[in-house]
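Enquirer: Below are the sequence and a predicted model for it; my questions follow.
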Amino acid sequence: MRKTWLAYPYTLWMLLFTVIPMGLLIYFSFTTNSGTNTALTWTHFQRFFEPIYLKVLLRSITLAAISTVICLLIGYPAAMILNGSSLKYKNTMITLLVLPMWMNFLLRTYAWLTLLERKGIINSLLVAIGLNRLDLLYNEFAVILGMVYNFIPFMILPIYSVLNKIDRSLIEAAEDLGANPVITFIKVIFPLSLPGVLSGITMVFMPAVTTFVISRLLGGGQITLIGDLIEQQFLLVGDWNFGSAISLVMIVIILITMGFTSKYEREQTGGGLW
Amino acid sequence: MVTRILKRCYIALLFIFLYAPIIVLAIFSFNSSRSRGTWDGFTLKWYYEMFQDRQIMAALYYSLIIGVTSALVATIIGTMAAFGIHNMKPFSKTTVMNITYLPVLNPDIVTGISFMLLFIFLKIRLGFLTLLLSHITFNIPYVILSVLPKIKQLDKSMYEAALDLGATPFYAFRKVILPEIMPGVITGLLLAFTLSFDDFVISFFNTGSGVSNLSILIYSMARRGINPKINALSTFMFISVLTLLIVVNILMSKQQKTKEEKI
């Protein structure tokens, strides 16, 4: 029963809609178009290494990294508490955690506008208790907040599912052998949860470093990230060659991140999102 | 005891952080004032205006039709492909699976742009067709990834037994194989629909000539600042999703029960 022909329509489809588009992307990033002549060139990549673009790249990586660290710092304790709670609450808690993700990503980001605006709720509260209005929107703070808000479940869930699988007897053994809770955590729990932490880091960092929606809505166009740069090149400037080159740089960043984390992720753990 | 209270507070704060924006959005969708800082009394005006708004209704229509069509097509192509891939020789299997993972791992923006390059290269005008094609393409891998494990679990001898007992291959497929892989197919279908309905980035680059789905409409409205109609729309969508989830959960637990009773 060798029904491999069943995959032919798919193979053809993916050839047309995945392989060829990627080929086009690579083709555009290495060529220039002057009139009718197309020539191979490195200039788009060289251009990307000019200070203004490098600054954008650096800013994207920094903001995404800060968001990832904040997600980890908030998410790890949360995952531990969830894991420690009684079974009856566990499922409810996890459902509550996943529920906001069912809401449209744009709406979740948009929701913060109402809260952060100059005449928004947080500022109204500040004024009511006699403080000054703050500029909460359209700055790096707002972008980081948006990233943390949107992606923190992706940090908590993998860590939680790894913690959930840790053999209780290992922790008990550590306690029996005289380790205090801190030592037990450092020597036993944390090392065992590392796969979850790594997949959490990947799942937060990757969408954060590639986003252009959060920076546009909450940064108000003041903060350009690498995603915004790509979007501008294609839809505003119309320089597809440069846009394709930046996209390739982005893929390289993603590949480096994945290579970094998958090195430690030999066994298949965590990330059970679906 | 103290640590328990602290833990509870921590989780409570986390949930406040996660839900505050959504709840505020929902409350202000009933606010009769256009400004957000003040509460001017209860109204259903924005809901009424939302349903009257042609743009919003058209976007909802496109989101639904693209979601349903792309999910169905992707499920058919993907399920067939999963069977084919399962029977492939190791080398071609790895190759095809790597291509399958490509759109899953690629950043959405890169996937979106690469589709756009293809459509413009082929001189297909951006619009409904390109939107549909791009959605089908990014949905297929998710269908394959949810059907393939089910096919791996299949007991081949069951199918052969059906053939030995005189079933035609098609009948055997329908009666033996299909019920076994159905959970995977349904998961794939629902996943595909959700992903399509929620997608923004890929749609954003592959649509044109006045065709926009809800995400694109929300984006263009949100860029112009806050609009109470969006608040109404988000509340409406959130409650729809919530209802749908509850219904699916009830149905599934009922199914589970009847299954257990049968056993």
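Expert: Cool, the structure landed. Residues are numbered from 1 along each chain as shown, chains lettered A, B, ... in the order given.

Enquirer: Doesn't A:Asn33 belong to a helix?
Expert: No. A:Asn33: not assigned to a helix; according to DSSP: H, G, I helix; E, B strand; the rest coil it is strand.

Enquirer: Verify the stated contact: it with A:Ser244.
Expert: No. Look at A:Asn33 against A:Ser244 with CB atoms under 8 Å: they stay out of range, at 11.7 Å. Using the backbone N, CA and C atoms, a C-beta is placed for each residue, glycine as well.

Enquirer: Neighbour count for these two, which is higher?
Expert: More neighbours surround A:Ser244 than the other of A:Asn33 and A:Ser244, with 26 against 11 (other CB atoms under 10 Å in any protein chain shown).

Enquirer: What about B:Leu117, how many residues nearby?
Expert: Other residues close to B:Leu117 by other CB under 10 Å number 24.

Enquirer: hang on, isn't it packed against A:Gly23?
Expert: No. Applying CB under 8 Å as the test, B:Leu117 and A:Gly23 come out as separate, 9.5 Å apart.

Enquirer: Strands along chain B, start to end?
Expert: Counting by DSSP state E, one finds no strands in chain B.

Enquirer: For it, give me the ranges with low pLDDT.
Expert: B:35-37, B:259-263 (pLDDT under 70).

Enquirer: need the contact list for the spatially most central residue of it.
Expert: For chain B, the residue nearest the mean C-alpha position is B:Thr194 (1.2 Å; CA atoms, centre = their mean). The contact partners of B:Thr194, taken as CB atoms under 8 Å, 6 or more residues apart in numbering or on different chains, are A:Trp102.

Enquirer: same deal with A:Ser193?
Expert: When contacts are counted by CB under 8 Å, 6+ apart, A:Ser193 touches A:Ile159, A:Val162, A:Leu163, A:Ile166.

Enquirer: The stretch 1-150 of chain A: helices as residue ranges?
Expert: Remark: helices assigned in the stretch 1-150 of chain A by DSSP state H, counting those that start in this stretch are A:8-14, A:20-29, A:43-48, A:51-84, A:87-98, A:105-116, A:121-128, A:140-165.

Enquirer: Hmm, I typed the wrong one, I wanted the stretch 51-200 of chain B.
Expert: B:54-86, B:90-105, B:108-121, B:128-153, B:156-164, B:169-172, B:178-198.

Enquirer: So which bits of the longest one are buried?
Expert: Read it as helix B:54-86. B:56, B:58-60, B:62-63, B:66-67, B:70-71, B:73-86 (16 or more other CB atoms under 10 Å in any protein chain shown).

Enquirer: quick one: contacts for residue 163?
Expert: Going with chain A. Neighbours of A:Leu163 in contact, by CB under 8 Å, 6+ apart: A:Ala79, A:Met80, A:Asn83, A:Ile189, A:Ser193, A:Gly196.

Enquirer: switch to chain B, that's the one I care about
Expert: B:Pro169, B:Ala172.

Enquirer: Can you tell me how far it is from B:Ala82?
Expert: B:Leu163 sits 21 Å away from B:Ala82, going by CB to CB, to the nearest Å.

Enquirer: which SS state does the nearest residue to A:Tyr27 once chain neighbours are set aside fall under?
Expert: The spatially closest residue to A:Tyr27, leaving aside those adjacent along the chain, is A:Ser244, at 8.0 Å (CB to CB, 6 or more residues apart in numbering or on different chains). Applying three-state DSSP to A:Ser244 yields a three-state assignment of helix.

Enquirer: in chain B, what residue is nearest chain A?
Expert: Distances between chain B and chain A by CB to the nearest CB are smallest at B:Gly84, namely 2.5 Å.

Enquirer: what's around the residue nearest to that residue when sequence neighbours are not counted, how many residues?
Expert: Distances taken as CB to CB, 6+ apart put A:Ala7 closest to B:Gly84, at 2.5 Å, once the chain neighbours are dropped. Number of residues near A:Ala7 (other CB under 10 Å) recorded here: 24.

Enquirer: In contact with A:Ala7, which residues?
Expert: By CB under 8 Å, 6+ apart, the contact list for A:Ala7 reads B:Met80, B:Ala81, B:Phe83, B:Gly84, B:Ile85, B:Met88, B:Val96.

Enquirer: Wait, the third one touches B:Lys150, no?
Expert: Which is B:Phe83. No. The pair B:Phe83 and B:Lys150 does not pass the contact test of CB under 8 Å, sitting 10.7 Å apart.

Enquirer: ok, the closest residue to B:Ser70 other than its chain neighbours - contacts?
Expert: Distance criterion CB to CB, 6+ apart; nearest residue to B:Ser70, sequence neighbours excluded, is B:His135 at 3.7 Å. By CB under 8 Å, 6+ apart, the contact set of B:His135 is B:Ile66, B:Gly67, B:Ser70, B:Ala74, B:Ser196, B:Asp199, B:Ile202, B:Ser203.

Enquirer: what's the closest of those to B:Val24?
Expert: B:Asp199 (25.4 Å; CB to CB).

Enquirer: So A:Ser29 is in contact with A:Trp42, correct?
Expert: No. Here A:Ser29 does not reach A:Trp42: they are 9.9 Å apart, not a contact under CB under 8 Å.

Enquirer: When the two are compared, which one has more neighbours?
Expert: Neighbours per residue (other CB under 10 Å) separate A:Ser29 from A:Trp42, with A:Ser29 holding more: 22 against 10.

Enquirer: From chain B, how far off is the more buried one?
Expert: For A:Ser29, the distance to chain B equals 11 Å [CB to the nearest CB, to the nearest Å].

Enquirer: One more: A:Leu97?
Expert: Counting by CB to the nearest CB, the gap between A:Leu97 and chain B amounts to 7 Å.

Enquirer: which residue sits closest to that residue, ignoring its sequence neighbours?
Expert: Counting by CB to CB, 6+ apart, A:Leu97 lies nearest to A:Pro153, which is 5.5 Å off, once chain neighbours are set aside.

Enquirer: Before we move on, what's the pLDDT of that neighbour?
Expert: Predicted confidence (pLDDT) for A:Pro153: 93.

Enquirer: how many neighbours does it have?
Expert: The number of residues packed near A:Pro153 is 24, by other CB under 10 Å.

Enquirer: What parts of the stretch 151-263 of chain B come near chain A?
Expert: Contact residues, the stretch 151-263 of chain B versus chain A (CB under 8 Å from any CB of the partner chain): B:156, B:159, B:187, B:191, B:194, B:198, B:200-201, B:205, B:214-215, B:218-219, B:222-223, B:225-226, B:230-231, B:233-234, B:237-238, B:241-242, B:245.

Enquirer: Kindly supply the PyMOL command isolating those of these that are buried.
Expert: Command for PyMOL that selects the buried part of these, burial taken from 16+ other CB under 10 Å:
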select buried, chain B and resi 159+187+191+194+198+200+201+205+214+215+218+219+222+226+230+231+233+234+237+238+241
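
Enquirer: mind checking how far B:Ser63 is from B:Leu190?
Expert: B:Ser63 is 15 Å from B:Leu190, by CB to CB.

Enquirer: my bad, should have said B:Met116
Expert: Going from B:Met116 to B:Leu190 by CB to CB gives 27 Å.

Enquirer: cool, and B:Gln52?
Expert: Taking CB to CB, one finds B:Gln52 at 31 Å from B:Leu190.
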